[in-house]
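In: fold the following and give me the result.
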Amino acid sequence: MVDEELVKKTLRAVLRSGKGGLPLSRLQAEYKELTGEAVPHRELGHATLDTMLRAMPSVVRVDRALSGEVMCYATAGKEMAHLTKLAARQHTAEKTGRPQMVNCQMRVKPSAPFVLNANPRTSLRQPDHQGHQRRVGGHPGGHGDSRPRNMRGPHPDGRGCKPCSTPPTPANLNENIPQPKPRTSHSSSYIPKLIQSRLKEILIKHSNGFWVSKLPQLYRELYKQDLPSEAMKDLEQWTHICIVNLSFKTTSSATRNMSLNLNLFFFNVQVEKPCSSKPNELLLQPSSPFQAQQLSTTPSSSTSSLLESPKALSEDLKQKLGVLLLKYSSGLWAHALPKLYQDTYKTKLPEYVLDNLLLLSEICTIDYPMPDNPKRAILYGKVAEDENCNQAELADLKVREEVGRCFSSQTTPPLLIPTEEYPSVLVVEARSTNSVVLRYIGEGYSKALEKLEDDMKEYYKQDNTKKPLASLSSGQLTAVYAEEEEEILRAHVCEVMSDKVKVNYVDHGFSEVISKSRLLEMHEKFLRLPFQATKCKLAGLESFSQEPAVLKKFDSMARGKILLAELLEQDEIPLMVLYDMSQDDDVNINAACLRTLQEKSLDIPLQVNNICINVSVTTVCSDGTFCCQIPSQGLTKLNEILEKTETYFHSQVTSESLVSRPFCGKSCLARYKGRWSRVEITNLHGSRVLDILFVDLAVKASVEVIELREIPPPFLCDFVSIPPQAVRCCLADLSVSVGSWTPDAVQRLKDTILHCSDCSLKIVKVEESKHLYHVYLFTSKNINDPSSSLSCHLADLDLWKQHADIFLSSSPSGSLPLPPVLELPPLGQNMDIYVSVACHPGHFVLQPWQDMYKLMVLMEEMILYYNRRDDNLITVEKNQVYAAKVENNWHRVLVKGVLSSGLVSVYELDYGKHELVSCTLLRPLIQEFRQLPFQGITAQLAGVKPRKWSEEASIVFRNHIEKKPLVAQLDSVQEAEQPWYRRVTVYLVDTSQEDRDIWVHDLMAEFADDLTKAA
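Out: Numbering: from 1, shown residues only. Below you'll find the predicted structure:
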């Protein structure tokens, strides 16, 4: 029997998680995601979900947005009213006054799981060094408490215990595992490993060097703590950080100073020791991270080799390499440099450059994400800047000065670009794709404008405030009275006429001719909010910004709609890609507008009973469909332009053709079987690896960004005008439908047609909705006899019986060793973490924040390795580690079991997620991908009583910590035989706000108490 009260409670929890309400269609999905079951409206006596919700006014308010979508809002009194307000209001030139309310609920564009909005190699702000009181379920001042805390001190409870080899498993996932007794922590606040990691960060931030006398000050500014004196004494002892050069200088002591010079990501430096033995007079110089081991074994030979003068780079070589590196601001693999150099400059890169990467230290910084493999280095080009000035600080200072000047002259401050990666925007209009007028949606933007206009309406209601403008001039700021709906809007005067005036509404982005009597004097208090109407450029459409077809398409798809914006460049007019996420499939607005330029006359004219010869099959898919190229006018023109492109690239010695700013939907060129072909970028994995589609071949591939080239300007219009030349087909008259093919049948089809140079086909049926042609396919010229077609040939073969794809066994294979166990800080100490999965306070998964870039690099390498291989099915063993393709990424997984359908249950060892994947998507995890420790750490929250957490509490917990970087204080560790059974208990602190620390255990304890009182 269904518990109606439990259903109501769960619905309320789901609705509160949606800050702006939930569409009815999403409510069902969110409920099922939380409970595993659909909303039981029939069991409660209601024919539809809509009627059930309307019968629960105490739980949910159902309303219909102007867009026609049914929206659901939590009913919780005045304290929840702000969550039900819609964020955006829209003006049109035809109707002024209060803007039209629009639905601003926007689904966030999913990105690669390891791409973050912050740099994981930097440290998060640490909590106050004065810590909280440790009592289970206590409330030491609340989550915003600013009382003295002791975060760095020893664990007050000095109890210790033996770690459990196998942690207990809860019978109910909503129950906490009983907290283990903590291990004894260190009694000193001096943690060498922590100081060493922070010293690396400081050296990264100041790659041009600094005096060691400033080290304590820099440490204090960055970490809000004093540098332990022991660290200064131990500098020359840290051989994995520093290499001590025992050579002495003869300079006078009066001129001796210590300079820390470290190129970015050179985590090992060479320490030169002058005559004085004071540690703050040691001189540190760059050194390869792989010289430390050599020095520790043969110090004399290493010292002499360091004194040898390396072959210097010529100025011309430096300049050319510098240009290439700056093209790839996200980094360039060192091993890719020779080919890229030769392709660009038509000459070979000297071999000694890669043999001694230190020669590049003047033009780039070097990162070694795989310490065991020195050849896998990443090069980052240096941008010329003032050595003593931080660019970010300069930019921030410039903004502050600009704001100050604006206020002093009674004008508004500048509109700042949102900090989030994918802000929501409301498109107003576009007379050019290089100047699209839009508004940002959200806190500080549309919501702030709504409040401002409400305040203006109240202010100008008073008779003594309605002061008409004494004089008019172009560019003058004014308040405009909109008679239709009694609204007051901000505007500036564009043109003064005899009895009318043309104004531009600075917050809504359109102009209108109105009567002078509607202009009022603007009070200065309404000038504090920046003008909300701003502009952007659409990436990929720069050369077609004024094309009527492009503008018409954009107007129909984007005008008056709230879209998701991907910021590519944050210039004065930012460069963006816009996405419509309101449908089941995401729509790339930029790419859709570009496709309108394709010439219809170059389409492939195929109809039923058409016969085509000289057909070339380009790819065969796992569902039995295949793609081919058919001779046509468009294909002939395409081949001619590609030949000209080959000649063009051979004659050009420039880096202008390198793709330095990839984005989804971008059209460019890549090589396929030695020839340049058109591609479209379909997905980005991090910053260096991406997925592409060869649009004229329908072939998918994963490549490095350095393999792409921009379409040469002389051929851009021609390339854009040609529609894709790949035609999607399937074999007609087969008893097996598309999608039901066995692997054996797919392989036989590949072997038969992929290497056939002269295929023919006859169109039997056309599915317009699917863009799919049913055909008779022939591998010879005999196309008049359907019995000789490939359909008949395959139908007679024993290829359609489903066989077991995998064999599961519980016995370990033991073929390759597991990665080393992830190192954790001592008990009581902090670590920066990222929460990848959060179920409830008794179960969540965290990752080391500062090492996440290493995981990004690993996954990029896995994508390149596995996507370029076409391996056969493998034998899969239970409880063994493999590589598995989940959506578009390859993950390191543990096999947990198998379903009768052939799906395998896997656990992502780096992210802590459980997934179901096809057995065909598993591959052996090779030794190269077993070096980095598994990054996912199972955890539970310290400071709260073990309990069965309610659905509502679980949602609150997840909303506060999931997909966020936090600071964790290690309370206890349960060791285990296997790394995936290891479990930690931690306190979590959100330090994203500068003025306070949010202690998650305090927040959850308060929430639990509130629920208890309400019950």
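In: give the helix, strand or coil label for residue 566.
Out: strand (DSSP: H, G, I helix; E, B strand; the rest coil).
In: can you list the low-confidence ranges for the stretch 151-300 of the chain?
Out: Applying pLDDT under 70 to the stretch 151-300 of the chain flags residues 151-194, 197-198, 200-201, 203-213, 222-225, 235-300.
In: typo on my end, the stretch 851-1000 of the chain
Out: Ranges of the stretch 851-1000 of the chain meeting pLDDT under 70: 872, 900.
In: strands along that one, start to end?
Out: Counting by DSSP state E, counting those that start in this stretch, the stretch 851-1000 of the chain has these strands, from start to end: 881-886, 889-898, 903-908, 914-918, 922-924, 937-941, 965-974, 983-990, 998-999.
In: please name the strands paired to the shortest one in the sheet, noting orientation.
Out: Right, the one you point to is strand 998-999. Its sheet considered, strand 998-999 pairs with strand 983-990 (antiparallel) by DSSP bridges.
In: which residues are in contact with the partner strand?
Out: Residues outside strand 983-990 that contact it (C-beta atoms under 8 Å, 6 or more residues apart in numbering) are 127, 132, 167, 177, 179-180, 182, 824, 833, 835, 846, 937-943, 960-961, 964, 966-974, 976, 997-1001. Backbone N, C-alpha and C define where each C-beta goes, glycine included.
In: buried subset of these?
Out: For those, a neighbour count by 16 or more other C-beta atoms under 10 Å gives the buried set as 127, 132, 167, 177, 179-180, 182, 824, 833, 835, 846, 937-943, 960-961, 966-974, 976, 997-1001.
In: buried set for the helix or strand hosting residue 648?
Out: Element membership for residue 648, per DSSP states H and E: helix 633-651. Neighbour counts over helix 633-651 (16+ other C-beta under 10 Å) mark 634-635, 637-638, 641-642, 645, 648-649 as buried.
In: now render the strands of the stretch 851-1000 of the chain as TSV, adding distance to residue 761.
Out: Converted to TSV, the strands of the stretch 851-1000 of the chain look like this (distance: least, C-beta to C-beta, whole Å):
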stretch	distance to residue 761
strand 881-886	32
strand 889-898	35
strand 903-908	35
strand 914-918	30
strand 922-924	34
strand 937-941	55
strand 965-974	55
strand 983-990	59
strand 998-999	64
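In: mind checking which of those strands is nearest residue 196?
Out: Nearest of those to residue 196, taken as C-beta to C-beta: strand 965-974 at 17.7 Å.
In: how far off strand 983-990 does that closest one point, in degrees?
Out: Relative orientation of strand 965-974 versus strand 983-990 (axes from the mean of the first three to the mean of the last three C-alpha atoms, to 10 degrees): 150 degrees.
In: tell me what strand 965-974 is packed against?
Out: strand 830-840, strand 983-990 (3 or more C-beta pairs under 8 Å, 6 or more residues apart in numbering; DSSP states H and E).
In: report the distance from the last one to the chain centre.
Out: The chain centroid and the centroid of strand 983-990 are separated by 24 Å under C-alpha atoms, centre = their mean, to the nearest Å.
In: in stretch 590-608, what's buried?
Out: Under the neighbour-count criterion of 16+ other C-beta under 10 Å, stretch 590-608 has 590-598, 602, 604, 606 buried.
In: follow-up on the earlier one: and of the strands of the stretch 851-1000 of the chain, who's closest to residue 713?
Out: Nearest of the strands of the stretch 851-1000 of the chain to residue 713, taken as C-beta to C-beta: strand 889-898 at 34.7 Å.
In: sheet partners, orientation included, of the closest one?
Out: strand 881-886 (antiparallel), strand 903-908 (antiparallel).
In: give me the contact list for it.
Out: By C-beta under 8 Å, 6+ apart, the residues outside strand 889-898 that reach it are 112-113, 685, 806, 808, 859, 862-863, 865-867, 876-886, 904-911, 914-915, 919, 922-923, 925, 929, 934, 980.
In: which among those count as buried?
Out: For the contacts of strand 889-898, buried by 16+ other C-beta under 10 Å: 112-113, 685, 806, 808, 859, 862-863, 865-867, 876-886, 904-911, 915, 919, 922-923, 925, 929, 934, 980.
In: pLDDT score assigned to residue 427?
Out: Looking at residue 427, its pLDDT reads 94.
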